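S.K.: What would the 3D arrangement of this be:
(chains A, B, C and D)
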Number of protein chains: 2
Amino acid sequence: MSGYELAQRFEASVGSTWSAGHSQIYPELNRLADEGLVEAGEPGPRGRKTYAITGEGRDAVRTWLAETDPDRTVRDEAALRTFFLWLMTPADARAHVEGELAAAQETLEALRGTAAARRPATPAERSQRIALEAGLRWAQARVEWARWALQRLDDPPARDGLVAQ
Amino acid sequence: MSGYELAQRFEASVGSTWSAGHSQIYPELNRLADEGLVEAGEPGPRGRKTYAITGEGRDAVRTWLAETDPDRTVRDEAALRTFFLWLMTPADARAHVEGELAAAQETLEALRGTAAARRPATPAERSQRIALEAGLRWAQARVEWARWALQRLDDPPARDGLVAQ
DNA sequence: TCATGACCGGTCAAGGTTGACATGTCACTA
DNA sequence: TAGTGACATGTCAACCTTGACCGGTCATGA
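M.R.: Sure, this is the predicted structure:
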């Protein structure tokens, strides 16, 4: 895969969990090639460079997966903003939640499209399907949260302590 | 609030959406004070410095909330790893998902405790309750996803295309 | 009296990340 | 023929973030 292709696929596949621009990808590919974790193939048209992972590279990924435990600190600016709803005008607060609703619905539609596109055949595709399911459920939960929040914004003093079951 | 207190509260409140260590908070408080967005009060015991937001600071937060739209790129390493389930041994794959399940359950318990602790009275507390609800639903969705994924790992070739409703 | 642990402030180097800038190719179409 | 837009690779300064290090205070209990 080329750096260009990688940048696009990054966005389309794991983009919901991590992102990286081309300005990060190109230098990183060179670094990985220097370390022997990927190797460059024949240059294509328009200076296209393709890379393939090496055995050593695959080992490095596996080591990372097996021997380091995940950093569970999540970063989610949109969710962070919700803590500051009270600093917004009522109109802005509604707009914020409505924006979240729209964004989550869009994500949901997009992921449903991807999920429906084709049945997973390879182990890699099956993993991606499982990962996609997490995104799907995340988006679904956020849609439901936004609807709940909108109701709550309509009538703040009346309700309290309702925890989602 | 002091920098020390801020670092702790950061973790306890918005920690699920953003995090910052004290090594980031202390310099930032000084920078904000230089810009007049917060002001330092009387020093307390053990060199404790307290800061309060200024009118200008509040305006800056409001401007940020009202005039910039949220960066919706999320960062979630644990979710990212799921894309690479196929590179793990079956045992490691199970362990990964079980780890996610345990972590999500723990988060869920903790957030339920916070939610039950006290009914929101001020507008700030009501906002926090709404933000907390998002975390609650997120954790709930992840618990359900992990259970679904574990079933799927048990019997990979049999199922396909099941989309969460 | 001394050790422990929570409290409290900070710095700094290394590394990650972004956004703007820069350069050029190739296919298509007005 | 010229312009547009997708393809393709890169650099760089500024900024963000982490983890390790450093200094010190105060209350509690052994």
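
S.K.: quick check: longest helix of chain A.
M.R.: helix A:123-154 (DSSP state H).

S.K.: Please tell me how far the nearest residue to residue A:136 once chain neighbours are set aside sits from residue A:105.
M.R.: Nearest non-adjacent residue to residue A:136, counting by C-beta to C-beta, 6 or more residues apart in numbering or on different chains: residue A:111, 4.9 Å away. Glycine gets a C-beta too; all of them are placed from N, C-alpha and C. Residue A:111 sits 11 Å away from residue A:105, going by C-beta to C-beta, to the nearest Å.

S.K.: swap in residue A:38?
M.R.: Taking C-beta to C-beta, one finds residue A:38 at 38 Å from residue A:105.

S.K.: if we can go back for a sec, off-centre distance for the longest helix of chain A?
M.R.: The chain centre lies 12 Å from the centre of helix A:123-154; the measure is C-alpha atoms, centre = their mean, to the nearest Å.

S.K.: which of the residues in it are buried?
M.R.: Buried residues in helix A:123-154, counting neighbours by 16 or more other C-beta atoms under 10 Å in any protein chain shown, are found at A:126-146, A:148-149, A:152-153.

S.K.: what's the angle between it and helix B:123-154?
M.R.: 160 degrees (axes from the mean of the first three to the mean of the last three C-alpha atoms, to 10 degrees).

S.K.: Which strands or helices does helix A:123-154 pack on?
M.R.: helix A:90-117, helix B:77-82, helix B:123-154 (3 or more C-beta pairs under 8 Å, 6 or more residues apart in numbering or on different chains; DSSP states H and E).

S.K.: Give me the mean pLDDT for the longest one.
M.R.: Think helix B:123-154. Averaged over helix B:123-154, pLDDT sits at 96.

S.K.: Run the angle between it and helix B:90-117 for me.
M.R.: Using the same axes, to 10 degrees: helix B:123-154 against helix B:90-117 is 160 degrees.

S.K.: So which of the helices and strands packed on helix A:123-154 is nearest DNA strand C?
M.R.: helix B:77-82 (9.0 Å; C-beta to the nearest atom of the strand).

S.K.: I appreciate the help and will end here.
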